[in-house]
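In: predicted model and sequence below, questions to follow.
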Amino acid sequence: MFVGNLHYETTREELTALLAAAGSIVDIHLPTDRETGRPRGFAFVGFATEAEATEAIRRFDQVEVRGRKLNVNAADDRPRRAPGVRMPPFSPAPDANPFGGGGDRPPANRRFKSKGSRRGLRGRKRSL
């Protein structure tokens, strides 16, 4: 089950005490930011049975805790990736023209590359 819009200072114990009213909790995962180590504001909660999870969704969705309304719903399973492999945000087809359209020339609105200012150009050269 997914619990979203949590206050950033919500602890595992607080969440367990709150959701235990719906049934027995098997696991709680509170993800943290990799760089800062701060909680990310959501959690994944596992219940012993589907009926208990459904009851928790019914009882706690849109309930206000620490001044924030919780979003409680069934968590979607995400397909697993191979360890160490990162997915690019976007990868065009290898034979695709980066300027769009077909043919040898880029479209009329992309024929010339903006050169920017001399100061910016010098700064880029120095940073290399």
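Out: Structure received.

In: hey, where'd the strands end up in the protein?
Out: 2-4, 25-29, 42-47, 64-65, 68-69, 71-73 (DSSP state E).

In: nearest to residue 14, out of these?
Out: strand 64-65 (8.3 Å; C-beta to C-beta). For the C-beta atoms, the positions are set from N, CA and C on the backbone; glycine is no exception.

In: in stretch 10-25, what's buried?
Out: Across stretch 10-25, burial judged by 16 or more other C-beta atoms under 10 Å covers 10, 15, 18-19, 22-23, 25.

In: quick check: the farthest pair among the residues you listed?
Out: 10 and 23 (19.5 Å).

In: where does this protein dip in pLDDT?
Out: Scanning the chain for pLDDT under 70 picks out 85-128.

In: returning to what we had before: turn the strands of the chain into CSV, columns for distance to residue 56.
Out: Putting the strands of the chain into CSV (distance: least, C-beta to C-beta, whole Å) gives the following:
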stretch, distance to residue 56
strand 2-4, 9
strand 25-29, 9
strand 42-47, 6
strand 64-65, 13
strand 68-69, 15
strand 71-73, 7
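
In: so which of those comes closest to residue 83?
Out: Comparing these by C-beta to C-beta, strand 25-29 comes nearest, at 18.3 Å.

In: counting by contacts, list what that closest one packs against.
Out: Judged by 3 or more C-beta pairs under 8 Å, 6 or more residues apart in numbering; DSSP states H and E, strand 25-29 is in contact with helix 12-19, strand 42-47.
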